[in-house]
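Student: fold the following and give me the result.
(chains A, B and C)
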Amino acid sequence: MRPGKMLRQVLQSVFKKPFTVMYPYEKLEMPDKFRGKLKFYPEKCIGCKLCMKDCPTGAIFINKIGDKQFEAIIDLDKCIYCAQCVDSCLKKALEATKDVELAQLDKSKLRVVFNAQPPKTT
Amino acid sequence: MSAIFSILIFPGILFLSITALFAEFLDRKIYARLQNRVGPPWFQPFADFVKLIAKEEIIPKDANAIMFKAMPIFAFASSVCAFLYIPLYAAVSLFSFSGDIIVVLYLLTVPTLAIFIGGWYSTSLYSRIGSVRGLMQLFSYEVPLFIGVLSSAVLADTWSLSDLSLFYGSHSWYWVFNLIGFFVALVALLAKLEKAPFDIPEAETEIVAGSFTEYSGRHLALLRLTLDVEMIVGASFLAAVFLPFGYGFGPVIGFVIFLLKVLSIICLLSLARTILARLRIDQMVIFCWKFLVPLAFVQLLLNLVIKGVLVR
Amino acid sequence: MADPKKFKIPIGPQHPSLKEPESFSVALKGEKIKGVDIRLGYNHRGIEKGCEAKTFVQDVYLIERICGICSHSHSTCFVQAVEEIAGLAVPKRALYIRTLIGELERVHSHYLWLGVAGHEIGFDTLLMYTWRDREAIMDVLALLTGNRVNYGMNCIGGVRRDIDAAQTKEIIKAIDELEERTKYYIEVATQETTIIKRLSGVGMLSYEDALKLGAVGPTARASGVNRDVRRDDPYAAYGEIKFDVITDDHCDVYGRTVVRVKELMQSFSIIRQVLKNMPDGPISVRAPRKIPAGEALSRYEAPRGEDVHYVKANGTEYPERVKVRAPTLANIRPVKHMLKDRYLADMPIVIAAIDPCFSCTDRMVSLKHDNNKNKEIMEWQALRKYSIEWYSKQGLDFTKLNEKLNKRFKA
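Tutor: Okay, here's the model as predicted:
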């Protein structure tokens, strides 16, 4: 029965560096394979639209531009960053990056378009 | 003219407000560092004060507007008034007369009563519970505080703060006899300032904000300033009564010594705030009456015996 | 007011002590509580109905977001029910990885609870220190699963990610450090005078009352009820792991604290066993998209108690009915009993001691009164017709607005 049991621990904290991270002057680094913003590789896409079928919120939309040319429109405010589309894609055309600072003042900037690859000229 | 200067500038409203806001910063910074965090920057209490003044005031429809608005002013005025009788850098304070210890203690009680009346006339349920708790706390800690402080005055055989400092200045090392009373008065000061473990009237997780729930805008700014001023006044009062040394060095060094004494008492208060949880009101009443009051009486008896034996 | 000493004070729905909205209307006399009226439902989001409109693959993520703290519990419970209907044989490595994530989640949830309990009794230092140590677990979980909450580890048929040797080393390092800190917190909780004074004798629930009122989880185990789904009905890899079920006899909030802190030590030992005995093999089996018809009930020991999911499938890609009973719903009834004749100052800590998660709790519950036999539950179309009639009786007509909205959302 001692009042003030945490006294020694509390006094030791005065000499340690504070645990707070002074964001935004210092930033934290996310570990590898963190599920952040999506990235789309248009040259690998075959237009099967399995990602659209499996997305829980309907955040990704695949558009056919030309022959074997597909563009992806991703709504960052609808995406829940579950990366189910990454798993569903048969050709590994989608990837989750470590980018997590996605806040914007302008809502139209939250609709990201990954353009189709340019048409082959041969 | 010099009276107006004393009341308004030094050691009156301006000096006291700036020192109180700085003391609040120190208290919050020490609290944060003890918890391994960074804490607010130095201008945070000033920024809070300015922000609150700029906000709109909302007074509940059922509340008595006159009492609601008048109580913060009463609380602030009496705390500032109490500071005029405390010796700062010389053994003699600016306005001293025989019996001013009792006056200072009375003036320190007025803010608690004013906050009680302000909370009661707010007619909100949370304010009523908070104000009643505040009054119950007043009944518990006032007796040990008075006895602890007055036992030091009994040894010096005077009821005037300035004469007390002169007495202890001439008989050095007599203040060591009062250390039990110092401990009792520190615990009672924690209760007066409503800091943990005695922040029951203002318990955030139970009754939102107690007496302060319905206050906003300028009144809230003044009430928070009153709490900080009370902290400075209470700490310097304890420093004057229980640590009355170092008065003979002239104004500048004496002022620095006074600041060091006050800041060390504030450090002790912050430390107590960090390592203890909040008590319940019935536990607090039992603690004060079963533990603090007997200790205070022991100190009083000790001082009476010493006075009979030593001081001839 | 009639009796100046007796009045009703609203704790909630918005209150600084509640982390989530819930309405407790407390009848006070002085400082003593004479009665509590509880109203639930402020966090109802229609998740059970939403599950019926999404496929099973999408439902895993929706069920995961019922709660932020026990998200893996809900997701695993759901996936277990679906796998039982479809008759899938989940590989052993997947079961072990699910157990590992579940125990890591239990550690993080109990640390969060320690901090919240400290805050409710006014001891903010404990809050800051426990939440600082909790960051170590969150970093480990981010490394393993890719996110700090809502892990997304489960898929129907197994898990989505594997664990390699470097990650195993990180887990062991974090567990070792946290075990030291947990021992320190056990000392603080059992020796600090003000904590013992605030927590002892508060929220008493005797053994018989715990059985009669249906308490689950650490709330029941602190009253001596020896029930734990991990031991009574083993799922995932718990059948092959040795651990103790912690019970305590104090029957009050202090007992619940002791149970939770000792469960932390048991979790560390379970994690070590899992990492040592992890079998090799695949991490998932291929699951069909159309789940055959059937129904299943699955149980899981979430950090707060027993979590029950019921799933009914009918051969298509969409479930027919999903029902979730969260542990907090079972623990709310004892709260009313615990608060009789206690002080107002005990209210926050008693509510916090059952570890309330009202996001989990607010599902649709239909109560039938014994006398009122003809109370009906309306179908969706009947309810809509009833509401249109009711509003037109008040003089409000919504048909034009409905047409405008239909036109807008069809586009």
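Student: quick one: contacts for the nearest residue to B:W120 once chain neighbours are set aside?
Tutor: Sequence neighbours aside, B:S131 is the residue nearest to B:W120 in space, at 5.0 Å (criterion: C-beta to C-beta, 6 or more residues apart in numbering or on different chains). In this view, the C-beta of every residue, glycine as well, is placed from N, C-alpha and C. By C-beta atoms under 8 Å, 6 or more residues apart in numbering or on different chains, the residues touching B:S131 are B:115-120, B:201, B:210-211.
Student: tell me the pLDDT at B:S131?
Tutor: B:S131 is assigned a pLDDT of 88 by the prediction.
Student: go on, C:F268?
Tutor: So C:F268 comes in at 93 (pLDDT).
Student: cool, and the one 4 residues further on?
Tutor: Reading off the confidence values, C:R272 has pLDDT 93.
Student: so stretch C:102-120, near chain A or not?
Tutor: No - residues of stretch C:102-120 are not located near chain A by C-beta under 8 Å from any C-beta of the partner chain, the shortest gap being 10.6 Å.
Student: can you tell me the helix or strand for residue 17?
Tutor: Just going to use chain A. Using DSSP states H and E, A:K17 falls within no helix or strand.
Student: nope, chain B please
Tutor: Residue-wise, B:S17 maps onto helix B:13-34 under DSSP H and E.
Student: what angle sits between whichever helix or strand comes after that helix and helix B:13-34?
Tutor: Proceeding N to C from helix B:13-34, the next assigned helix or strand is helix B:44-53, under DSSP H and E. With axes from the mean of the first three to the mean of the last three C-alpha atoms, to 10 degrees as the basis, helix B:44-53 and helix B:13-34 are set at 120 degrees to each other.
Student: residues making contact with the helix or strand following helix B:44-53?
Tutor: Later in the chain than helix B:44-53, the nearest helix or strand by DSSP H and E is helix B:65-83. The contact list for helix B:65-83, computed with C-beta under 8 Å, 6+ apart, reads B:7, B:11-13, B:16, B:59, B:103-104, B:107-108, B:110-111, B:114-115, B:117-118, B:121-122, B:214-215, B:219, B:222-223, B:225-226, B:229-230, B:232-233, B:236-237.
Student: residues touching the residue of chain C at minimum distance from chain B, list them.
Tutor: Chain B sits closest to C:G122 of chain C, with a gap of 2.8 Å, by C-beta to the nearest C-beta. Applying C-beta under 8 Å, 6+ apart to C:G122 gives the contacts B:196-197, B:199, B:203, B:205, B:277-278.
Student: chain A: which of those is nearest?
Tutor: Distances from chain A to these, taken by C-beta to the nearest C-beta, are shortest for B:P197, at 8.7 Å.
Student: looks to me like the closest one is in a helix.
Tutor: No - read with DSSP: H, G, I helix; E, B strand; the rest coil, B:P197 is coil and lies in no helix.
Student: in chain A, which spans are strands?
Tutor: A:38-40, A:60-66, A:69-75, A:94-96, A:111-114 (DSSP state E).
Student: out of these, indicate the one that is most buried.
Tutor: Looking across the strands of chain A with neighbours counted as mean count of other C-beta atoms under 10 Å in any protein chain shown, the highest average goes to strand A:38-40: a mean of 21.
Student: can you show me the helices along chain A?
Tutor: Secondary structure of chain A (DSSP state H): helices at A:7-12, A:50-54, A:84-88.
Student: quick one: which of the ones you listed is nearest B:L179?
Tutor: B:L179 sits nearest to helix A:7-12 of all the helices of chain A, at 19.7 Å, using C-beta to C-beta.
Student: sorry, back to before: quick one: the residue nearest to B:W120 from B:T213, how far?
Tutor: Taking C-beta to C-beta, to the nearest Å as the measure, B:S131 and B:T213 are separated by 10 Å.
Student: list the residues that are in contact with both of those two.
Tutor: Joint contacts of B:S131 and B:T213 (C-beta under 8 Å, 6+ apart) are B:G119.
Student: against chain A, how distant is the nearest residue to C:C251 once chain neighbours are set aside?
Tutor: Nearest residue to C:C251, sequence neighbours excluded (C-beta to C-beta, 6+ apart): C:S223, at 4.6 Å. From C:S223 over to chain A the distance is 25 Å, taken as C-beta to the nearest C-beta, to the nearest Å.
Student: for the chain, give me the ranges with low pLDDT.
Tutor: No chain specified, so I'll use chain A. Along chain A, segments meeting pLDDT under 70 span A:1-2, A:120-122.
Student: that's the wrong chain, I meant chain C
Tutor: C:1-6, C:364-377, C:410-411.
Student: what comes up buried for stretch C:273-286?
Tutor: Neighbour-count burial for stretch C:273-286 flags C:273-275, C:278, C:283-284 (criterion: 16 or more other C-beta atoms under 10 Å in any protein chain shown).
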